[in-house]
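Novice: From the sequence below, what's the structure:
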Amino acid sequence: MNPKLSLALGILCISLSPIFVKLADASPVVCAFYRIFFGLIFLVPYCLVKQNLKVERKDLVLALVGGLVFAADITLWNLSLKMISATVSTLLANLAPVWVGLISYFLFRKKVEKSFWIGTGVAIAGMLVLVGLREVLHLQFGLGFLFAVVASMLYAIYILITKNILERMGTITFMFYNMLAALGFLFIICLINNDTLINYPTSDWLYFAGMGIICQLLGWLLINYAIKFIESTRVTVTLLSQTVVAAVFAAFMLHEVLNMHEVVGSLIVLAGIAITFLKPQAVK
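Specialist: Residues are numbered from 1 along each chain as shown. Model (predicted):
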């Protein structure tokens, strides 16, 4: 599959996650747990049949660490959602492209194209318009703010770990160990929070399964495949579009009305993403 098409389809899949979370009558952490759980149990049979789980110890450790980082990212973001507004939390959590660019430049000494920084700036400006300037102006620097910012850093680290390890490991094998570590982490968090993991109605189990199969398994298989071929900086900026896609899904599936500033902000975000894919002109 074309990597750009794979990335686009993956974003469509993961953009359904907030819809399922909103429909399910369960805590965000429980939703995250079952998202990983159902994705993993549908992946296990394929891995056992294909017997493609043998990896080097170094790669195994990186895959497990990636799973812990991914689970910690989800947990901190969900905690921030309870402390500050969802719009501001989403804005802060989507600062990942900035961290990826900075880490790539200062830590890995990797040249970052000017189009990336311009596109990132435009996309973040679009996010500001999307969430509403009023929300940003009333921003309070508390624990919820800190959780959301740290979540964005963890998201960036996860993308960089994924990019590194997928150059040596198959996508499905990586997903298996990654999700196994994430599941264990989220299970412990559920126990600490005294969250119930049973006694949910049939509709909630269907939403959990949808999160696991569509958002986690299919969505991240497609995205991880794309990460193999596309620069991690461009991937993180492109992932900003999931906020736009989620808003469109919410309008159709939850009958939420999109305001003018949300439409304008979404268009600006998409324009910023497009800028990052512009290639510099060769000097004649």
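Novice: So, low pLDDT: which residues of the stretch 1-150 of the chain?
Specialist: Applying pLDDT under 70 to the stretch 1-150 of the chain picks out residues 51, 81-82, 84-91, 108, 131-141.
Novice: can you count the residues close to the closest residue to Met253 other than its chain neighbours?
Specialist: Of all residues not flanking Met253 in the chain, Ile19 sits nearest, at 5.7 Å (Cβ to Cβ, 6 or more residues apart in numbering). (Each C-beta comes from the backbone N, C-alpha and C, glycine too.) Counted with other Cβ atoms under 10 Å, residues neighbouring Ile19 total 19.
Novice: isn't Ile19 right next to Glu256, touching?
Specialist: No - the pair Ile19 / Glu256 is not scored as a contact, 10.0 Å apart, by Cβ atoms under 8 Å.
Novice: Could you tell me which residues touch both of those two?
Specialist: When contacts are counted by Cβ atoms under 8 Å, 6 or more residues apart in numbering, Ile19 and Glu256 have Ala250 as shared neighbours.
Novice: in what helix or strand does the residue nearest to Met253 lie?
Specialist: Ile19 is part of helix 17-23 when elements are defined by DSSP states H and E.
Novice: which strands and helices sit next to the helix or strand just after that helix?
Specialist: Per DSSP H and E, the first helix or strand lying C-terminal to helix 17-23 is helix 28-50. Contact here means 3 or more Cβ pairs under 8 Å, 6 or more residues apart in numbering; DSSP states H and E; on that basis helix 28-50 packs against helix 17-23, helix 57-83, helix 171-192, helix 202-210.
Novice: can you pull the contacts of the closest residue to Ala32 other than its chain neighbours?
Specialist: Excluding its sequence neighbours, the residue lying closest to Ala32 (Cβ to Cβ, 6+ apart) is Ile74, at 4.6 Å. Taking Cβ under 8 Å, 6+ apart, we find Ile74 in contact with Ala32, Ala151, Ala182, Leu186.
Novice: What of Ile124?
Specialist: By Cβ under 8 Å, 6+ apart, the residues touching Ile124 are Asn94, Leu95, Pro97, Val98, Gly272.
Novice: The nearest residue to the second one once chain neighbours are set aside: neighbour count?
Specialist: So that's Leu95. Spatially, and ignoring its direct neighbours in sequence, Leu95 is nearest to Ser152 (4.1 Å; Cβ to Cβ, 6+ apart). Number of residues near Ser152 (other Cβ under 10 Å) recorded here: 24.
Novice: ok, now Gly10?
Specialist: That count, for Gly10 with other Cβ under 10 Å as the rule, works out to 25.
Novice: Now it: phi and psi?
Specialist: Reported as degrees, to the nearest 10, the phi and psi values for Gly10 are phi -60, psi -40.
Novice: any idea how far it is from Asn194?
Specialist: Gly10 sits at a distance of 34 Å from Asn194 (criterion: Cβ to Cβ, to the nearest Å).
Novice: How about Leu239: what's its closest non-neighbour residue?
Specialist: Nearest residue to Leu239, sequence neighbours excluded (Cβ to Cβ, 6+ apart): Ile11, at 6.6 Å.
Novice: Report the buried residues of the helix or strand containing the one you found.
Specialist: Assigned by DSSP H and E, Ile11 belongs to helix 3-14. Neighbour-count burial for helix 3-14 flags Ser6, Leu7, Ala8, Leu9, Gly10, Ile11, Leu12, Cys13, Ile14 (criterion: 16 or more other Cβ atoms under 10 Å).
Novice: Make TSV from those residues and add distance to Ile124 to it.
Specialist: Converted to TSV, those look like this (distance: Cβ to Cβ, whole Å):
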residue	distance to Ile124
Ser6	25
Leu7	19
Ala8	21
Leu9	25
Gly10	22
Ile11	17
Leu12	22
Cys13	24
Ile14	20
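Novice: and which of those residues is nearest to Met83?
Specialist: Nearest to Met83 among those, counting by Cβ to Cβ, is Ile14 at 23.5 Å.
Novice: distance of the closest residue to that closest one other than its chain neighbours from Asn194?
Specialist: Among residues not flanking Ile14 along the chain, Gly219 sits closest, at 4.0 Å (Cβ to Cβ, 6+ apart). Remark: distance between Gly219 and Asn194 (Cβ to Cβ) = 30 Å.
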